[in-house]
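J.: just a sequence and a predicted model for now, questions to come.
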Amino acid sequence: MSYRTFKRLLGETSLERKCRFLFGTGLLLLITGSFYFYGRLTSRLVYEQNRITGRLLIAPIIYVKHWRWSEPDPEFRKVIDSMAMDLKPEDLQEYNYDLVKADPSAADPADRPSGPAGYEALDELRSGKREVVRLLRDKGEYHYYGAVRATKSCVNCHHHSKAGAKVGDLLGMYRVSFPLDATERALAWNNAILLATAIGTSFLAMLAAWAIVRYVIVKPVLHLKDVSDCIARGNLDLRADIRTGDEFEELSHAFNRMLRHLVAVQEELRQVNADLDSKVDELAQVNLALFEMNNLKSEFLATMSHELRTPLNSILGFSDVLAGAPNLDEKQNRYVRNIQNSGKDLLTLINDILDLAKIESGKMELRIAEFSLADLIERLVNTVRPLAEKKNIDLTFESDPEIPLLTQDAGKLQQILYNLLSNAIKFTPEGGRVRVVTKLAQPDMLEIAVDDTGVGIALEEQETIFEKFRQGNTRAGRQNALTREYAGTGLGLSIVKELSKLLGGEVSLVSELGKGSTFTVRLPVKLNEQPALLDADLNHQTLELNKLRRLDLGLVGVSSNRLTKQ
């Protein structure tokens with residue numbers, strides 16, 4: 001029987017009931033089996049005693065038969081019969097016997113077997129058996145049939161017989177019958193005594209098993225359970241006190257050592273929590289200060305961006321007017337073009353900073369509308385194609401026709417793709433390739449991949465490439481803001497990342513140094529509402545951090561309760 005079967009049989013019960021059930025069942029089976037075996041053995045011995053008695057009566061029966069045959073005087077035969085009756089034991093006064101010849105066709109009926117049982121017994125004795133036993137329960141008799149075989153003295157005496165008997169030949173058969181009443185009464189009395197003894201022994205054994213289970217096994221366990229319950233309620237000064245000199249006493253010592261260690265750990269946790277409270281307060285104050293500084297920075301950037309755009313627009317406007325003057329020589333035109341290019345670069349930088357400030361402050365608004373992604377990409381590719389043609393770069397795009405109309409912010413998506421395409425063209429050498437591929441990753445998600453054969457990005461820089469003001473140095477493999485091979489502010493990819501989050505998606509990068517890069521943007525096909533910005537939740541996170549509390553020491557009590565109950 002497996003443990004699971006045993007558990008299903010007993011169910012959820014106490015240890016005391018399980019031990020009583022197991023010990024009681026085992027003792028009951030053992031006592032029943034032993035007494036049953038002893039009863040069967042006793043019954044066999046009683047019937048074996050009848051067999052031995054019948055075997056011992058063969059000599060007196062033969063002697064009486066020979067006396068009768070040797071004395072022709074009827075009066076003397078009566079004396080012999082009277083002597084045979086007087087010589088019977090007191091407990092065998094009721095037995096009867098017959099002595100018949102081995103030849104069942106004898107002329108005298110007294111020399112032939114009586115009944116079918118006698119003939120069957122005679123046949124079995126002829127086959128070589130020494131004795132045969134029959135229990136006739138309908139008549140209440142025990143019949144013992146014994147073989148009378150010729151010995152040397154028998155051959156000398158019966159040499160005149162026509163058969164000429166030899167030593168070992170079957171001369172006849174004798175039958176001894178006993179009444180079964182006395183035997184059955186003795187067996188019934190013996191079985192009654194055995195049953196009473198078995199019941200008494202079982203009762204005493206179960207009582208002893210109950211006492212052993214109750215006071216030797218269960219009592220120490222209950223004591224440990226009571227101590228653990230008190231400890232779970234907060235009484236940590238209580239200790240287990242078991243003095244049995246066995247494994248339970250060792251278990252109580254281990255339990256007390258565990259409890260002392262638990263108290264020590266609890267005190268250490270209390271001190272650590274006290275220190276943690278002070279650190280949390282300091283961290284909350286620092287975070288509030290950082291939040292205020294971040295707000296000041298965002299407001300400053302937004303204000304300065306607006307303030308710088310006004311004079312910069314004037315510079316760009318007057319430079320355009322100046323570039324249209326007919327009286328400028330080649331050197332002056334070159335200076336004007338430098339002013340225009342530098343002004344445009346500065347305007348781009350200001351717009352990027354302004355976008356970041358809006359995103360961080362949570363003021364970036366979405367204008368969700370329905371549009372065709374293929375048309376948007378085609379317009380954007382045509383816009384940046386002059387930049388690619390200057391470097392002889394092959395610029396292509398592939399659009400999945402199964403992509404439905406998007407419900408997104410077309411302006412933000414165009415800004416994401418423009419930044420990725422401009423970076424791809426910038427970092428791709430002459431004669432390279434830039435490709436835009438769109439497909440449906442899932443029924444409600446699309447992927448836009450911008451693949452190039454540029455210089456690639458080192459593996460150690462791929463995790464930081466989306467941070468603000470970070471641009472990988474493809475030659476040295478390290479960041480160097482002063483000596484970069486390619487110009488740029490390092491804000492383009494950070495804006496791509498933040499705008500992708502704003503549109504409910506994400507951006508990923510697969511790149512190998514010297515073999516190019518692939519930027520993949522995953523966006524939902526339909527954007528129903530503006531997702532929550534992580535940076536806009538900084539104030540909420542700061543307030544939550546300020547609400548931190550030290551660890552609840554009650555958890556230690558719960559843990560101790562679990563340990564002790566296990």
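T.: Received, thanks.

J.: quick check: buried residues in the helix or strand containing residue 154?
T.: For residue 154, the host element (DSSP states H and E) is helix 152-157. Neighbour counts over helix 152-157 (16 or more other C-beta atoms under 10 Å) mark 154-155 as buried. C-beta here means a position set from N, CA and C on the backbone, and glycine is covered the same way.

J.: do stretch 178-185 as well
T.: Buried, per 16+ other C-beta under 10 Å, within stretch 178-185: 178, 180, 183.

J.: residues contacting the second one?
T.: Contacts for residue 180 were tallied using C-beta atoms under 8 Å, 6 or more residues apart in numbering; they are 135, 137, 140-142.

J.: quick one: secondary structure of residue 254?
T.: helix (DSSP: H, G, I helix; E, B strand; the rest coil).

J.: report pLDDT for it.
T.: On pLDDT, residue 254 comes in at 85.

J.: and for it, the neighbour number?
T.: 11 (other C-beta atoms under 10 Å).

J.: list the contacts of the nearest residue to residue 191 once chain neighbours are set aside.
T.: Spatially, and ignoring its direct neighbours in sequence, residue 191 is nearest to residue 39 (5.8 Å; C-beta to C-beta, 6 or more residues apart in numbering). Residues near residue 39 by C-beta under 8 Å, 6+ apart: 190-191, 194.

J.: before we move on, the earlier item: can you name the next helix or strand after the helix holding residue 154?
T.: Beyond helix 152-157 toward the C-terminal end (DSSP H and E), the next one is strand 170-179.

J.: contacts for that following strand?
T.: Contacts of strand 170-179 (C-beta under 8 Å, 6+ apart): 50, 53-54, 57-58, 61-62, 92, 94-102, 113-114, 118, 121-122, 125-126, 140-150, 154, 158, 165.

J.: hang on, the earlier thing: if any of the contacts of residue 180 are buried, give me the ChimeraX selection for them.
T.: Buried residues among those (16+ other C-beta under 10 Å), as a ChimeraX selection:
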select :141,142
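
J.: could you dump the contacts of residue 180 into JSON lines with secondary structure added?
T.: Shown next, in JSON lines, are the contacts of residue 180 (three-state DSSP):
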{"residue": "135", "secondary structure": "strand"}
{"residue": "137", "secondary structure": "coil"}
{"residue": "140", "secondary structure": "coil"}
{"residue": "141", "secondary structure": "strand"}
{"residue": "142", "secondary structure": "strand"}
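
J.: as TSV, the contacts of residue 180 with distance to residue 172 and pLDDT would be great.
T.: Listed next are those as TSV, based on distance: C-beta to C-beta, whole Å; pLDDT from 0 to 100:
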residue	distance to residue 172	pLDDT
135	23	81
137	27	78
140	27	79
141	21	81
142	21	83
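
J.: count the neighbours of residue 258 for me.
T.: Neighbours of residue 258 using other C-beta under 10 Å come to 13.

J.: surely residue 434 is in a strand?
T.: Yes: counting by three-state DSSP, residue 434 is part of a strand.

J.: just list whatever residues bridge to it.
T.: Beta-bridge pairing for residue 434 (DSSP bridges): residue 395, residue 452.

J.: hmm, back to that, possible to save the contacts of residue 39 as a markdown table with secondary structure, pLDDT and distance to residue 202?
T.: A markdown table is the format used below for the contacts of residue 39 (DSSP: H, G, I helix; E, B strand; the rest coil; pLDDT from 0 to 100; distance: C-beta to C-beta, whole Å):
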| residue | secondary structure | pLDDT | distance to residue 202 |
| --- | --- | --- | --- |
| 190 | helix | 81 | 18 |
| 191 | helix | 82 | 16 |
| 194 | helix | 81 | 12 |
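
J.: give me the buried subset of those residues.
T.: residue 190.

J.: distance to residue 375 for the contacts of residue 39 - can I get that in TSV?
T.: As requested, the contacts of residue 39 are exported to TSV (distance: C-beta to C-beta, whole Å):
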residue	distance to residue 375
190	111
191	106
194	105
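
J.: what is the nearest of the contacts of residue 39 to residue 467?
T.: residue 194 (94.1 Å; C-beta to C-beta).

J.: give the contact list for residue 402.
T.: Here residue 402 is in contact with residue 440 (C-beta under 8 Å, 6+ apart).

J.: how close does it sit to residue 379?
T.: 21 Å (C-beta to C-beta, to the nearest Å).

J.: let me see the domain layout of this protein.
T.: For the chain, the structural domains run 233-364+547-566, 365-532, going by automatic domain parsing.

J.: and residue 366, how far from residue 525?
T.: 15 Å.

J.: and residue 422, by the same measure?
T.: Taking C-beta to C-beta, one finds residue 422 at 26 Å from residue 525.

J.: residues contacting stretch 447-460, please?
T.: Residues contacting stretch 447-460 (C-beta under 8 Å, 6+ apart): 373, 377, 417, 420-421, 424-425, 427-429, 432-441, 465, 472, 474, 477, 509, 511-523.

J.: list the buried residues for the helix or strand harbouring residue 338?
T.: Using DSSP H and E, residue 338 falls within helix 330-361. Counting neighbours by 16+ other C-beta under 10 Å, one finds that the buried residues in helix 330-361 are 336, 339-340, 343, 347, 350, 352-361.
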